[in-house]
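Q: next one to model:
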Amino acid sequence: MKYSGVFGMQRKTFLDPAAEFPYIQRCLSPPASLVIRPNRAQLFESESVSLSCEVQDNSTGWRLRWSTDREEESDCPRDWRSEAGPTCSSSSTSVWDRGVYWCESESGQHSNAVNITFNSRPHPVLRVSSHSWPAEGDSVTLSCEVRHTSLNWTFLWYRAVPSRTVPYRRNSADVRYRGNTYSVELLLDSRRGAGGSYTLSPAALQHTGLYVCRAEVGDPTHQTEFSDVEALWVTGLSPPASLVIRPNRAQLFESESVSLSCEVQDNSTGWRLRWSTDREEESDCPRDWRSEAGPTCSSSSTSVWDRGVYWCESESGQHSNAVNITFNSRPHPVLRVSSHSWPAEGDSVTLSCEVRHTSLNWTFLWYRAVPSKTVPHRQNSADVRYRGNTYSVELLSDSSRGAGGSYTLSPVALQHTGLYVCRAEGGDPTYQTEFSYVEALWVTGLSPPASLVIRPNRAQLFESESVSLSCEVQDNSTGWRLRWSTNREEKSDCPRDWRSEAGPTCSSSSTSVWDRGVYWCESESGQHSNAVNITFNSRPRPVLRVCPDSWPAEGDSVTLSCEVRDTSLNWTFLWYRAVPSRTVPYRRNSPDVHYRGNTYSVMLLSDSSRGAGGFYTLSPAALQHTGLYVCRAEGGDPTYQTEFSDVEALWVTVRPHPVLRVSSHSWPAEGDSVTLTCEVRHTSLNWTFLWYRAVPSRTVPYRRNSPDVHYRGNTYSVKLLSDSSRGAGGSYTLSPVALQHTGLYVCRAEGGDPTYQTDFSDVKSLWVTGLSPPASLVIRPNRAQLFESESVSLSCEVQDNSTGWRLRWSTNREEESDCPRNWRSEAGPTCSSGSTSVWDRGVYWCESETGQHSNAVKISITSGFVILESPTHPVTEGDPLTLRCVSQSRPSTTSADFYKDGSLLQSQSAGELTIPAVSKAHAGSYQCRHPELGESPESWVTVTGRESPQVIVIDGIPVYLLTLVGSLLVVSLGLLGIVTLVVICHRSKSTALNVKARNMRHSTPSVIPESLVLLN
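A: Residues are numbered from 1 along each chain as shown. Model prediction:
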């Protein structure tokens, strides 16, 4: 069996060697065999193994080969031993050794390959049937299982015993249970459970203990890890000894005194206490317990580490019943006040005390908590804490009234005001719980003998606010003083850092949140004023908002709102601009604010009072309103001011500018469809669009604040189109377009509530070419392109007798009179100039007083050397079109390139381009370019269709009007011709006879006139 080629193998798991390595074929009779000891392919970490090559004949040169995670650096894998055979062995295998192994000779022969796995050492799972606390006589089965292997395991059973109770053995196996180390002892009848189940039936007291198992397999034998420890606690019917617990309960508490004794029923000796807890069995009693005669173990400082199972055991292996003793945390009662902590004098108030999660029969005790400085010092007296202060406790004289857990005050009186705690006790000997948390009871009297006076007169105050508290006595009694329940201890007559004044009065100008709490007045005889809960909240910081947002456009309405969430005062608001500190004169103690790491001074707005109610409106917003704003609030008497709000930036942007577009181009023919579109970019408003005509300002009456637009340096007034609403959605369509639609258009948009309007769009022109305009613009010379300083005259030639026509223009010269500036006005109407300039280039047309138009003509005036001669008026479909490239310095150009809409059309050596019959496709912008003299301006050529024949209906048959008129004309001419011929013939015949008679008389040859011959 041979192979050739280069092969690379690096695998971690192999299911089928033949599938993984196609060049290694399974042989029925391979020349060599791989011998594995132990004889199995499923091995475990740290198991001893040897691999040998057993050759069937006498061939030599055989060696072990492998494909694992270990490289082939020598004859055997790394850390394996090489022996004769050839053989490789290891006693410390690992998962890195798993893979495919085979034998291979120098000549390329192979044994069959074997996929060997080296799995982690198995950890058996031990279970106890039913539960771990069977009764004597029950049947208990322990089961041991090794998962995820297919080997035929044999199971071994052990008891776990304290290490100190067995002789030391080197390399003895140990197990851990609840943090302690135990030795293992093989059960004498372990083989009963070799199949994986070990049954105790009937279970007896001596079976109580800790059990473990393990499994083994193979030859040589390989053993698994030990299982986890499982406890078995058998309850005997008549055990030879009993575990006596004092106090007599299994539920104990931390720090409670306890003793455990073994009470033997007969005179047997050698009994001792045993336990399974988190404390090791290092001696006859648990750590920190006292050993006494009995045998007895006792402790006065137990902890949760002592909880677990305890029992008595003799030297001969006899047992008492085991007891599971819990040592819970010391209970903490829960004290509650019925209804609320602020009852009125005469109400009924019940205090309830409860200990949760315990089964003891508790008795409850009731106490008042009083400042430690007011009671004599007593050693080991109990103290409680309330709001950071220490209080002594005094048992109520009638505490026994509440022994059942409820202590009722009915009717409640002013002297019941104070702090209360409770605790519980139970058991024998008596065990006491912790004190409950302190609960306050503040009774409001109907006619208290004194009143607490607060200045300013409110219970909700702020940090750093000045305050004074006084006791105002209703009679002449003395010995009154201020009392409080806050986070400051009662070490003197006033709270710490407060000033004591006559009155008695306590005052402070630098209060803090530590001063919040309950204050009242109390006399030496125990009389009380009503208590007041005074809060000292953090200094309020207003919240400043900009609505609708911080990037409004010019003309928008912007509202700044300032809000203090604390509503205890009737706030008045102040408004400021934040400006760089270096831009204002230095003022001592001037307040500063911070924004993005920089410090700013604040300047009160001159009209700040406009926003006293919390809203400051800028309408319309302007660019100068851009800046940083802050606000603050003030209220109360004396006045108290809040912090400044955070800085808010207001950035006023330029008003949006709509974009106006004309579909197709600005020179449509009459009858076309033209759409104007208006768009406002980069905004999210739902805009409505308005449409206007731009007209010379001098043609409309003056209106104050009337908006104007600019076009080509001139100012125009705007007039809203009567049907503007047609284009509210952003598109305004003229279909069919007519001559009267010629003009300048603008649009704008509006939206929002209140309504906000954008700027006007840029002006767009629309020049409609009519088929039969009522007037024509006559240009002399008759071309649309002129050279600078060339003379020109423009006249309006009217087709009928209508009057009131004048020249109109859209150039860089304003329409201040009937003719452009520096032009002459002549009859006609005519405007002429002897020296045109580039300022005169633009669009010209004629317009009547009634709004009729001629076609518009775009006249280009160039300072260059070449112009394009083109028709000044529309060309009819089918007519020829001639374009000439003309130079000012030469009579004619020799060659020129002609362009249409920016693309080369033709190159002509004669400087002239003729299109024999134009079509609509020839409409567009034309230009010529001379190779030496440069290029001409562009000129628009309009192509119109021929007039469509009009149709009338005669006897239900459509007849073209022109055809009918033509036919009648032909018939009339025919009849006229016949009559004429008859007359001529008659006269000619008479003349001929006379001539013939004369000729015959004179015998002269005759000549007939040609006309007469043509007519015959």
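Q: okay, now the unreliable bits of the stretch 151-300 of the chain?
A: 165-166, 168-171 (pLDDT under 70).
Q: oh, that last question was meant for the stretch 701-850 of the chain, not what I typed.
A: The stretch 701-850 of the chain contains residues with pLDDT under 70 at 702-705, 754.
Q: let's see that with 50 instead.
A: Under the criterion of pLDDT under 50, none of the stretch 701-850 of the chain is flagged as low confidence.
Q: distance of the closest residue to V647 other than its chain neighbours relative to Q799?
A: In space, V647 comes closest to Y595 once its chain neighbours are excluded; the distance is 4.0 Å by C-beta to C-beta, 6 or more residues apart in numbering. In this view, the C-beta of every residue, glycine as well, is placed from N, C-alpha and C. Distance of Y595 to Q799, computed by C-beta to C-beta, to the nearest Å: 73 Å.
Q: among the two, which residue is more densely surrounded?
A: Summary of the neighbour comparison: Y595 and Q799, criterion other C-beta atoms under 10 Å, with Y595 having more neighbours (14 against 11).
Q: list the contacts of that one.
A: Counting by C-beta atoms under 8 Å, 6 or more residues apart in numbering, Y595 makes contact with 578, 628, 647, 649.
Q: so the second one touches R577, yeah?
A: Just to be clear, that refers to L628. Yes - with contact taken as C-beta atoms under 8 Å, L628 and R577 are classed as touching, separated by 6.7 Å.
Q: quick check: end-to-end length of stretch 678-696?
A: Distance between the boundary residues of stretch 678-696 (C-alpha to C-alpha, to the nearest Å) amounts to 22 Å.
Q: and that stretch, how far out from the chain middle?
A: For stretch 678-696, the gap between its own C-alpha mean and the chain's C-alpha mean amounts to 34 Å (C-alpha atoms, centre = their mean, to the nearest Å).
Q: show residues contacting that stretch.
A: In this structure, residues lying in contact with stretch 678-696 by C-beta under 8 Å, 6+ apart are 656, 658-661, 676, 709, 711, 714, 716-721, 724, 726-732, 743-752, 756, 758, 760-761, 763, 814-815.
Q: could I get the average pLDDT for that stretch?
A: Per-region confidence: stretch 678-696 scores 88 on mean pLDDT.
Q: so for that stretch, what gets flagged as buried?
A: For stretch 678-696, a neighbour-count test (16 or more other C-beta atoms under 10 Å) marks 678, 680, 687-694, 696 as buried.
Q: those residues in strands, which ones?
A: The subset of the buried residues of stretch 678-696 located in strands under the criterion DSSP state E comprises 678, 688-694, 696.
Q: a markdown table for those, including distance to E263?
A: Rendered in a markdown table, the data for those read as follows (distance: C-beta to C-beta, whole Å):
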| residue | distance to E263 |
| --- | --- |
| C678 | 106 |
| T688 | 101 |
| F689 | 104 |
| L690 | 108 |
| W691 | 111 |
| Y692 | 114 |
| R693 | 119 |
| A694 | 118 |
| P696 | 126 |
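Q: from the contacts of Y595, keep the buried residues only.
A: Going by neighbour count (16+ other C-beta under 10 Å), the contacts of Y595 have 578, 628, 647 buried.
Q: look up phi and psi at R192.
A: R192 has phi and psi values of phi -60, psi -30 when expressed as degrees, to the nearest 10.
Q: now it: closest residue in space, sequence neighbours ignored.
A: The shortest distance from R192 to any non-neighbouring residue, by C-beta to C-beta, 6+ apart, is to Y198 (6.2 Å).
Q: show me what contacts the one you found?
A: Contacts of Y198 were listed using C-beta under 8 Å, 6+ apart, and they are 141-144, 155, 157, 187, 190, 192, 213.
Q: ok, D347 touching P411?
A: Yes - using C-beta under 8 Å, D347 makes contact with P411 at a distance of 6.8 Å.
Q: more crowded one of the two?
A: Neighbours of D347 and P411, each counted by other C-beta under 10 Å, are more numerous for D347; the result is 17 against 13.
Q: what does the pLDDT read for that one?
A: D347 is assigned 92 on the pLDDT scale.
Q: and the two most separated of the buried residues of stretch 678-696?
A: W687 and P696 (28.8 Å; C-beta to C-beta).
Q: contact partners for the closest residue to S339 other than its chain neighbours?
A: Take S339 and drop its neighbours on the chain: the residue closest to it by C-beta to C-beta, 6+ apart is V349, 6.8 Å away. By C-beta under 8 Å, 6+ apart, V349 lies in contact with 337-339, 343, 408-410, 412, 416, 441.
Q: I only care about these that end up buried; give me the ChimeraX line for that.
A: Selecting just the buried residues from the contacts of V349 in ChimeraX takes one command, with 16+ other C-beta under 10 Å as the test:
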select :337,343,409,412,416,441
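Q: columns pLDDT, distance to F253 and secondary structure on top of the contacts of V349, output as a markdown table?
A: A markdown table is the format used below for the contacts of V349 (pLDDT from 0 to 100; distance: C-beta to C-beta, whole Å; DSSP: H, G, I helix; E, B strand; the rest coil):
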| residue | pLDDT | distance to F253 | secondary structure |
| --- | --- | --- | --- |
| V337 | 94 | 27 | strand |
| S338 | 88 | 29 | coil |
| S339 | 73 | 32 | coil |
| P343 | 92 | 35 | coil |
| T408 | 95 | 29 | strand |
| L409 | 94 | 31 | strand |
| S410 | 91 | 34 | coil |
| V412 | 92 | 34 | coil |
| H416 | 91 | 32 | helix |
| L441 | 93 | 29 | strand |
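Q: where does the spatially most central residue of the chain fall, secondary structure wise?
A: Note on the chain: the residue nearest the mean C-alpha position is D549, at 19.2 Å, using C-alpha atoms, centre = their mean. No secondary structure element spans D549, as it lies outside all helices and strands (assigned by DSSP states H and E).
Q: R577 now?
A: Using DSSP H and E, the secondary-structure element containing R577 is strand 572-580.
Q: and that strand, which strands flank it?
A: Each strand that strand 572-580 pairs with, and the sense of that pairing, follows from DSSP bridges: strand 598-604 (antiparallel), strand 627-635 (antiparallel).
Q: so what's the residue nearest to S339 bridging to?
A: When bridges are assigned using DSSP bridges, the partners listed for V349 are L409.
Q: separation between it and C422?
A: Relative to C422, and taking C-beta to C-beta, V349 is found at 14 Å.
Q: look up the pLDDT of R998 for me, please.
A: The predicted structure scores R998 at 38 on the pLDDT scale.
Q: so the residue nearest to R192 sits in a helix?
A: No - according to DSSP: H, G, I helix; E, B strand; the rest coil, the state of Y198 is strand, so it is not within a helix.
Q: going on from the helix or strand harbouring D897, what's the next piece of helix or strand?
A: Using DSSP H and E, D897 falls within strand 896-900. Moving toward the C-terminus from strand 896-900, the first helix or strand encountered (DSSP H and E) is strand 903-908.
Q: that next one: which residues count as buried?
A: By neighbour count with 16+ other C-beta under 10 Å, strand 903-908 contains the buried residues 905, 908.
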